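**Q** Below is the structure, and that's it, no one-letter string:
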Ligand SMILES: [Zn+2]
C-alpha cells in the first residue's frame, strides 16, 4: 500500500507539501484508534478457496453476497469454524450443503460443527449475507452535487478490512485461490483478481463477470472494482496488462501508465523470478482511501495519479514511484507475504526500494541518488519513529505503516545491496522468492535466504538495522600530519545509546583527494570514538566520509569553508555535492558562499543539486541571493527546477524586483508548475496587489483547475480576510473536489475565531467524499478548541466505525513520502 499524502509529497516534493504531510502525520497518529493484530493468529483451519458472488443495491449502497469457502481443518478437536465478519447481516449458512446454525458477534461469525473435526477434514461452507459496509467496500456514485461523476464501487482490504464486506479469515497468514462473480449494470465493467473467464448476460439490464485467480494469496489482497471505466489494453510477454480510468479520463492512461511493461521486464530480470500472476491490471478510482493498493494481479490506485496530459510532462518521474511501488508488491507482498503486521517492512520496505531500482534504471543514477538523499533527510526529521525498530510488534500507539516500514525499510535494502554487491544481493533475493513463493514470511526468512544463496552472514546487519532502532549520527573531523603524510580521521558516534538504539558497526568508504588525485579507503566504524590514520601524500583538498552517501546516517563534519566550496564543485557523487550545499547554507552573510551556490544553481549537472541550491539561496536571503535566483530563471527551463527557483523567491520580502517577476510568472509562463509556485510564493510574500492576482486566477481556467487550486491554497498563506467569501464559495459541494480541499484548508488559516466558518467546516465532516472529509479534519485541527462547534456531527470520521482504517493509516506518520 502507499499513502496518498506520501504519493503527493513525492510527486510535488516541495517544502510546503512536506510540511503538510508532517502536520497530518502528527494529527492522524492521534486518531488511530484500533491497532491491527501485531502477531499472526494461530489457525484452526486452512482456507483454500473462496467462491465469492456479489450483487449490489446501489440505491442503498448495499452488498448482497454469497460466498462458499472450501477449507481444511488444521487441528484435531476443532468444534467450530470462526470467520471474521463485521456489520454484515448473515442470512443463511450451510455446511457441506446442509443448513447450519450460526451466531454472530460484532467482529465474528461463529459456526458450531455437528461434531469435533480432525486435522485434514474438509468442509464447504456457504454463507449468504448482505450489508452496508462501513469500511472495506466503498460506493462512489453520482449524487445531487455531482450528478455526472462515473459510478464506482471499490474495495480496500489492507490491513484488516475485507471482513466488512465479506465474511472470511481476515489476517495475512493464510492463502487461498478465488473465484469472484460480480453482477453489475450491463454498461459497467469490473476488475478483480486473476483471469477474466467470462462476461454473460444476467437479464434485467445486468451482466455477470466471472474472475478466477488460481495463484493463492491472502484475503487482504482480494479486490472488487466495478463501475463506469475506460480501459486501455497493453501486454508484457503475452500477459495482459490493462489500465482503467473513471469514464471520460481514458486518454490519461498511456501518458501516466505506459511504462508499466518496461517495469515488469526490469523487475522480472533483476529478481530472476518472472512476474507471477496471470495478468496485471491497474485501476484508478476516485476518492480512494490510499494512494495505491497492490491487490494480487489487480492494483487499485488513486485517480489523482491520472495527471492531465498537459501537466504530466512537467513531472520528471511522473507517477513512476507509485506504479513501480505497487508493481514491486506483486512479488514482495503478494507472492511472498509478511506473516504478521510486525514484519510489514518485508512488503513496504521492498516496494519502496524497488521504486529506487526503477528510478535508477530508467532515470539514471543522479535521480536515484537524489531521492535516496532526500529520503534519508526526511526519515531523520520524523523523530517519533527514531527509537522504534523496523521489526516490532508493539504498535498500539501508532501505525505499523510508518516511516520505518517504508523509508527506512527501503534504505536498509539499499544498504544491503551496496554492502553485498549487486550479484550477491540479487542471488539472495531470487532464492528468497523461490523458496518462499506462495508462503508467508518473517524477517528471519530473508536473512536465511541471503545466507544460503550468497554465503554471507547478515545477522549483525539485520540485528542493528531491523531489530534495533535509530541510525548512526556522526561527529567528524580530521587533522593532517605533514611529517607522517597522514590524515587522522576522528569519528565519533553521537546518537544517544538507549533502549533499542545502540552503537552501529558500519563499513565506510572514505575518499581523500589531494593534488595527486583521489584515493579510496575502506574503514569499519564500530566504537563510540575512533581514529583512523590514512595515508595522504599532501594536505587533502577534500575528505569524504561515506563517499556517495551509502549509509543511512546524519553527519556533522567540521570542515572549513574552502573545503566545502571545493566539495561543492568537485565531488563526483550527488550526495556529497548536496551535502556541501546544505553545509554552506549555514554560513550566513557570506558573498563567496552565495556566489558559489549561484554557480551551482546554474551549472551543476544534477537537477536535484541545482534545486537544493535554489532552496538554500532562498533561505540565505539578501539581495545578491535574490539576483542569482532571478538570473537563474533565464536558464532553468525544466519545470521541476524552475518551480523550485520560483518557490525560493517567495522567501524575499520587500523586494520589488522579486514581486514583479513572480507576478509575471504567475500570469504567463510556459510551465504550469512554475505558475503555481509563483502564486504560492506571492501568497507568502503578502504584497499589495496579490489578492487581485489570486482572485483573477481563481476565476480563470487551466488543466484540471491546476492554477485555480494553487491560488486557493495561496489565499490561505496570504491571510487576507477578503478571501473568505471566495473560499467559502469554492469549498461548497458541487465544486471540483480538489478545489474544495484547497479552499477548505485555506479557510482554516483565516478568521480562526469565526464560528460560521468553523460550522461550515464541521458540516463537511459528514460528506460522502473522503478527500473533503480529510481536508475538513485537517482544517478543524488548526482551529482553536474554544471556537469548535459544541455539537460535532454524528458521523465524524473520528468514530471507530466510520473512518476507513487505512485512511488514518494512509496519512499517518512518515518520514518520507
Ligand atoms: Zn506499499
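**A** Right, received. Where do you want to start? The structure presented is a predicted model; accordingly, all values stated were derived computationally and were not measured. Residues are numbered from 1 along each chain as shown.
**Q** Residue of the stretch 201-350 of the chain closest to the ion, please.
**A** residue 348 (4.8 Å; Cβ to the ion). C-betas here are computed from N, CA, C, even on glycine.
**Q** where does that residue land on pLDDT?
**A** On pLDDT, residue 348 comes in at 98.
**Q** and it, how far is that from residue 294?
**A** Using Cβ to Cβ, to the nearest Å, residue 348 is found at 10 Å from residue 294.
**Q** Show me which residues of stretch 359-379 are buried.
**A** Using 16 or more other Cβ atoms under 10 Å as the test for burial, stretch 359-379 gives 359-363, 366-376, 378-379.
**Q** who touches both of residue 348 and residue 294?
**A** By Cβ atoms under 8 Å, 6 or more residues apart in numbering, residue 348 and residue 294 have these common neighbours: 1, 333.
**Q** So which of the buried residues of stretch 359-379 belong to helices?
**A** Under the assignment DSSP state H, these contribute 359-363, 366-376, 378-379 to helices.
**Q** coming back round to it: identify the residue nearest the residue of the stretch 201-350 of the chain closest to the ion in space, chain neighbours excluded?
**A** In space, and not counting its chain neighbours, residue 348 is closest to residue 405: 4.3 Å by Cβ to Cβ, 6 or more residues apart in numbering.
**Q** The residue of the stretch 51-200 of the chain found nearest the ion: what secondary structure?
**A** Going by Cβ to the ion, the ion is nearest to residue 158 of the stretch 51-200 of the chain, at 8.7 Å. Assigned with DSSP: H, G, I helix; E, B strand; the rest coil, residue 158 falls in the coil class.
**Q** For it, the count of nearby residues, please.
**A** 24 (other Cβ atoms under 10 Å).
**Q** so who does it touch?
**A** Shown in contact with residue 158 (Cβ under 8 Å, 6+ apart): 1, 220-221, 293, 806.
**Q** change it to 6 Å
**A** Shown in contact with residue 158 (Cβ atoms under 6 Å, 6 or more residues apart in numbering): 1, 220.
**Q** what about this protein, any weak spots by pLDDT?
**A** 10-35, 783-817 (pLDDT under 70).
**Q** what does it put close to the ion?
**A** Within the chain, the residues that sit near the ion (Cβ under 5 Å from the ion) are 1-2, 348, 351.
**Q** make it 8 Å
**A** Residues of the chain found near the ion (Cβ under 8 Å from the ion) are 1-2, 292-294, 325-326, 329, 333, 347-348, 351-352, 406.
**Q** Nearest to residue 518 among those?
**A** Distance to residue 518, by Cβ to Cβ, is smallest for residue 352 among the residues of the chain next to the ion, at 31.7 Å.
**Q** Do I have it right that the closest one meets residue 406?
**A** Yes. With contacts counted by Cβ atoms under 6 Å, residue 352 reaches residue 406, the gap being 4.9 Å.
**Q** Can you tell me the element the residue of the chain most remote from its centre falls in?
**A** Centroid-distance maximum for the chain: residue 483 at 53.5 Å, with Cα atoms, centre = their mean. Assessed by DSSP states H and E, residue 483 sits outside every helix and strand.
**Q** Now it. Its backbone dihedrals?
**A** Torsion angles at residue 483 (phi, psi; degrees, to the nearest 10) stand at phi -80, psi -40.
**Q** Could you measure from it over to the ion?
**A** 56 Å (Cβ to the ion, to the nearest Å).
**Q** which residues touch the closest residue to residue 495 other than its chain neighbours?
**A** Sequence neighbours aside, residue 473 is the residue nearest to residue 495 in space, at 4.4 Å (criterion: Cβ to Cβ, 6+ apart). By Cβ under 6 Å, 6+ apart, the residues touching residue 473 are 494-495, 554.
**Q** One more: residue 276?
**A** Going by Cβ under 6 Å, 6+ apart, residue 276 touches residue 335.
**Q** just the one 5 residues further on next, same as before
**A** With contacts defined as Cβ under 6 Å, 6+ apart, the neighbours of residue 281 are 191, 242, 298.
**Q** Now intersect those residues with the helices, please.
**A** Within the contacts of residue 281, no residue falls in helices by DSSP H.
**Q** Now a PyMOL select for only the buried ones of the residues you listed.
**A** In PyMOL, this line selects whichever of these come out buried by 16+ other Cβ under 10 Å:
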select buried, resi 191+242+298
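**Q** Export the contacts of residue 281 to JSON lines and append columns for distance to residue 431.
**A** Compiled in JSON lines, these are given as follows (distance: Cβ to Cβ, whole Å):
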{"residue": "191", "distance to residue 431": "33"}
{"residue": "242", "distance to residue 431": "32"}
{"residue": "298", "distance to residue 431": "28"}
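**Q** number of nearby residues for the single nearest residue of the stretch 551-700 of the chain relative to the ion?
**A** Closest residue of the stretch 551-700 of the chain to the ion, Cβ to the ion: residue 552 (19.4 Å). Residue crowding around residue 552 was assessed by other Cβ under 10 Å; the count is 24.
**Q** Ok, residue 116 next?
**A** Residue 116: 12 surrounding residues under other Cβ under 10 Å.
**Q** likewise the one 5 residues further on?
**A** Residue 121 sits with 16 neighbouring residues when counted by other Cβ under 10 Å.
**Q** going forward, begin numbering at 12 instead of 1
**A** With the count now opening at 12, the last piece we talked about shows up as residue 132.
**Q** okay but it is in contact with residue 84, surely?
**A** Yes. Contact criterion Cβ under 6 Å: residue 132 and residue 84 qualify, at 4.4 Å.
**Q** tell me the contacts of residue 188?
**A** 60, 224-225, 227.
**Q** same check, this time on residue 153
**A** Counting by Cβ under 6 Å, 6+ apart, residue 153 makes contact with residue 160.
**Q** Can you tell me the element it falls in?
**A** Residue-wise, residue 153 maps onto no helix or strand under DSSP H and E.
**Q** how near is it to residue 295?
**A** 18 Å.
**Q** Ok, residue 385 next?
**A** Applying Cβ to Cβ to residue 385 and residue 295 gives a distance of 26 Å.
**Q** can you give me the strands for the stretch 162-311 of the chain?
**A** 163-166, 187-196, 200-203, 206-214, 217-228, 235-238, 240-247, 250-257, 291-296, 303-304, 309-313 (DSSP state E, counting those that start in this stretch).
**Q** Quick check, residue 60 in contact with residue 79.
**A** No. If you go by Cβ under 6 Å, residue 60 and residue 79 don't touch, sitting 8.3 Å apart.
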